[in-house]
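> Prediction below, plus the sequence it came from.
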Amino acid sequence: MINEISSHTVNSLLEKYPFAATFFDGHHVQTEGREEGTVQTLLARSVAEAGEDAITTADELLEQLTEHINQMLLFLADDLDTVRSLSILPGTHKDGSPEGFSNITINSGETICIVGPTGSGKSRLLGDIEWVAQGDTPTGRHVLLNQQVPDRKWRFSPTHKLVAQLSQNMNFVMDLTVREFLEMHAESRLIDNVGDVVMRIMDQANDLTGESFAPTTPITSLSGGQSRALMIADTAILSRSPIVLIDEIENAGIDRRKALGLLLSEDKIVLMATHDPVLALMGGRRLIIANGGIEAVIETTDTERGILEELAVMDRRMMDLRNRLRRGERLG
Amino acid sequence: MKLVTVCGPPSSGKTAVILKSLDALRSRGRKAGVVKFDCLSTEDDVLYEKAGIPVKKGLSGPLCPDHYFVSNVEEIVQWGRSEGFDLLVSESAGLCNRCSPHIKDVLAVCVVDNLSGVTTPKKIGPMLKMSDIVVITKGDIVSQAEREVFASRVAAVNPKAAVLHVNGLTGQGAFELSSLFDDDAKEVESLIGAKLRFTMPSALCSYCLGETRIGESYQMGNVRKMKMD
């Protein structure tokens, strides 16, 4: 492969592997006006011009470029949607006593809640899932994907992260408009129909929040509710991670039921760490965390579902009143 | 004794990441120590002491911090061995983004944070591009999209590295990093004759002239030594 890449002209390489442009840019390799020459010549020239500032030799650069192309091809070929289920097999609590369940399997399009006080072991549980633990973490748990021992790539690859996270504490920090931001994310995912995807995310995000926003709004000036709505729509549609952890998005000023619906409709496995009854009762099951382990798994009862109905009515009323206040209306 | 070099821009979370990882190692019965390199001053040694981790502090003062590091790295290895550590971590800041303390055949870790912006991976030199493991911190306060874009930019400049997300506050990911220390770091008896992965910047000592070998006989000119007693 390495010989094939080095003998390509720069033009034909970029045509075949457009993402190589990111590599050239990251390594300060100037391609302009050098498109007709071979990759080998390009790299040699770039290293020679850098003089004593050169970090690597041309051969090393070529090797890294090949690695980059290989990884990106894997990234494109690999169907992450093949994660259809997540299973957790029990380990132990902090004190060494066994956990209170035999096997938890969560399928894509399904949601499960995680409840328990701060410090009870929620981070560890999430850590075990991200690391696809195989009895080699402090809890001794095993994590399976599609009922099988997963590939080790989940542990180290920057492009194969199992879990996407959404939490109350997250903010946008870049100086970009909503459209630029979504385009950048879409480009990093190497998708073709960037414009369509951006529009779809905009529509979904605006559907989740009471106050709509434009593609030209800078992301840092979005309100709390708008930010949360954009993060959720973006994660549902653009994130490759098959599992989404929602961490305490209680008073976010968004339609939580719709938000969850959107994630589930994109076939995500949704874990919710929350004590908000509206969210917690939407899950079919709850994991009770205590003393560093899972104490029990309980099913949502019919009585609880009844409570959820009541709460949903109140929730919609609150949301409606909030929107009317925002519009400057009188209530009642 | 195993050796790991950890570097990264100032305030990227190196100390927090090391503290949480060594905590995880200690729970598995390993004895670890740290040498903290900095320029003018540091309070991080107090943090390590509070956590019960043996620590040495080295301040480069008027000298280039990277030259100072390489002039002392053999001595800190011998200090670590005499203390009976299973693992020694050297922590140094990469202030000018050019250099790196990474040594051939010594596990090299670079810590970068999500808040530093998506152009950072391109700006940082060998410190990031030549490391074996890239740890990304502060993922809990930026959006999922920014995390994904940042990680993909890291992967573009260092395709061979393992990339881990570590939360310096909760310690999420630190256990996993510590297991890489255990599995991937090599035993070191002495670094004399070992080589840096990348030359240091030009200034006034033998290393400024392109020397990469370690050991007193290779050091000429403006060399400052740490007090090891």
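In hand now; what should we look at?

> Low-confidence bits of the stretch 51-200 of chain A, can you list those?
The model of the stretch 51-200 of chain A has pLDDT under 70 over residues A:78-81.

> what about the strands in it?
Under the criterion DSSP state E, counting those that start in this stretch, the stretch 51-200 of chain A contains strands at A:85-89, A:104-107, A:111-115, A:142-145, A:163-167.

> Regarding residue B:65, what are the backbone dihedral angles?
With angles defined as degrees, to the nearest 10, residue B:65 sits at phi -60, psi -30.

> circling back to that earlier point, now mean neighbour count and distance to chain B too, for the strands of the stretch 51-200 of chain A, in JSON lines please.
Any C-beta I mention is one placed from the backbone N, CA and C, and that applies to glycine too. Below are those laid out as JSON lines (neighbours: other Cβ atoms under 10 Å in any protein chain shown; distance: least, Cβ to the nearest Cβ, whole Å):
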{"stretch": "strand A:85-89", "mean neighbour count": "20", "distance to chain B": "17"}
{"stretch": "strand A:104-107", "mean neighbour count": "15", "distance to chain B": "19"}
{"stretch": "strand A:111-115", "mean neighbour count": "21", "distance to chain B": "14"}
{"stretch": "strand A:142-145", "mean neighbour count": "20", "distance to chain B": "13"}
{"stretch": "strand A:163-167", "mean neighbour count": "23", "distance to chain B": "5"}
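
> can I get these in JSON lines with distance to residue A:125?
JSON lines is the format used below for the strands of the stretch 51-200 of chain A (distance: least, Cβ to Cβ, whole Å):
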{"stretch": "strand A:85-89", "distance to residue A:125": "8"}
{"stretch": "strand A:104-107", "distance to residue A:125": "10"}
{"stretch": "strand A:111-115", "distance to residue A:125": "7"}
{"stretch": "strand A:142-145", "distance to residue A:125": "10"}
{"stretch": "strand A:163-167", "distance to residue A:125": "11"}
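
> which stretch among the ones you listed comes nearest residue A:280?
Across those, residue A:280 has its closest neighbour in strand A:111-115 (4.8 Å, Cβ to Cβ).

> contacting residues around the closest one?
A:104, A:106, A:122, A:125, A:260, A:263-264, A:269-275, A:279-280, A:282-289 (Cβ atoms under 8 Å, 6 or more residues apart in numbering or on different chains).

> Which secondary structure state does residue B:135 sit in?
strand (DSSP: H, G, I helix; E, B strand; the rest coil).

> Is there a quick ChimeraX command that grabs whichever of the contacts of strand A:111-115 are buried?
Selection of buried members from those for ChimeraX, criterion 16 or more other Cβ atoms under 10 Å in any protein chain shown:
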select /A:104,106,122,125,260,263,264,269,270,271,272,273,274,279,280,282,283,286,287,288,289
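
> Which of the contacts of strand A:111-115 fall in strands?
Here DSSP state E is the test, and the contacts of strand A:111-115 give A:104, A:106, A:269, A:270, A:271, A:272, A:273, A:285, A:286, A:287, A:288, A:289 as lying in strands.

> Farthest-apart pair in those residues, please.
Maximum pairwise distance among the ones in strands among the contacts of strand A:111-115 (Cβ to Cβ): 19.1 Å, between A:269 and A:288.

> neighbours of residue B:121, just the number please.
24 (other Cβ atoms under 10 Å in any protein chain shown).

> Which residues does the helix or strand harbouring it contact?
Under the criterion of DSSP states H and E, residue B:121 resides in helix B:120-123. Helix B:120-123 is contacted from outside by A:25-26, A:28, B:9, B:97, B:112, B:128, B:150, B:153-154, B:156-158, using Cβ under 8 Å, 6+ apart.

> Out of those, which two sit at the greatest distance?
A:25 and B:9 (20.1 Å).

> What's the first helix or strand after the helix holding residue B:121?
Following helix B:120-123 toward the C-terminus (DSSP H and E): helix B:126-129.

> Centre of the chain to that following helix, how far?
Between the mean C-alpha location of helix B:126-129 and the chain-wide mean there is a distance of 11 Å, by Cα atoms, centre = their mean, to the nearest Å.

> Which neighbouring elements make contact with it?
Secondary-structure packing of helix B:126-129 (3 or more Cβ pairs under 8 Å, 6 or more residues apart in numbering or on different chains; DSSP states H and E): strand B:107-113, helix B:144-157.

> again, only this time at 10 Å
strand B:2-8, strand B:107-113, helix B:120-123, helix B:144-157 (3 or more Cβ pairs under 10 Å, 6 or more residues apart in numbering or on different chains; DSSP states H and E).

> How about residues contacting that helix?
Residues outside helix B:126-129 that contact it (Cβ atoms under 10 Å, 6 or more residues apart in numbering or on different chains): A:26-27, A:55-56, A:60, A:64, B:5, B:7-9, B:66, B:92-94, B:96-102, B:108, B:110-112, B:120-122, B:134, B:154, B:157-161, B:196-199.

> If you count contacts, what does whichever strand or helix holds residue A:227 end up packed against?
Residue A:227 belongs to helix A:224-238 when assigned by DSSP H and E. With contacts taken as 3+ Cβ pairs under 10 Å, 6+ apart, helix A:224-238 sits against strand A:163-167, helix A:178-188, helix A:194-208, strand A:243-247, helix A:256-265, helix B:144-157.

> same thing but 8 Å
Using 3+ Cβ pairs under 8 Å, 6+ apart: helix A:224-238 touches strand A:163-167, helix A:178-188, helix A:194-208, helix A:256-265, helix B:144-157.

> Serialize those to CSV and add fields for distance to residue A:114.
Output for the helices and strands packed on helix A:224-238, formatted as CSV (distance: least, Cβ to Cβ, whole Å):
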stretch, distance to residue A:114
strand A:163-167, 13
helix A:178-188, 27
helix A:194-208, 22
helix A:256-265, 14
helix B:144-157, 18
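
> Would you mind finding the most buried of the ones you listed?
helix B:144-157 (a mean of 24; mean count of other Cβ atoms under 10 Å in any protein chain shown).

> just to revisit the earlier point, among the contacts of helix B:120-123, name the least confidently predicted one.
In terms of pLDDT, residue B:97 ranks lowest among these, with 69.

> now chain B, which segments are flagged as low pLDDT?
Using pLDDT under 70, chain B drops low at B:95-97, B:201-203.

> in it, which spans are strands?
Going by DSSP E, chain B shows strands at B:2-8, B:32-38, B:55-59, B:87-93, B:107-113, B:133-137, B:162-165.

> got a list of contacts for the second one?
If I follow you right, that is strand B:32-38. Against strand B:32-38 from outside (Cβ under 8 Å, 6+ apart): B:15, B:18, B:22, B:25-26, B:42, B:44-45, B:48, B:53-60, B:65, B:68-69, B:72, B:76, B:79-80, B:83, B:85-93, B:101.

> Now restrict these to buried residues only.
Buried, going by 16+ other Cβ under 10 Å: B:15, B:18, B:22, B:25-26, B:42, B:44-45, B:48, B:53-60, B:65, B:68-69, B:72, B:76, B:79-80, B:85-93, B:101, out of the contacts of strand B:32-38.

> related to what we said a few turns ago, of the contacts of helix B:126-129, just the buried ones, ChimeraX syntax please.
A single ChimeraX command is used to select the members of these judged buried by 16+ other Cβ under 10 Å:
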select /A:26,27,55,56,64 /B:5,7,8,9,66,92,93,94,98,99,100,101,102,108,110,111,112,120,121,122,134,154,157,158,159,161,196,197,198,199
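
> That concludes my questions; thank you for your assistance.
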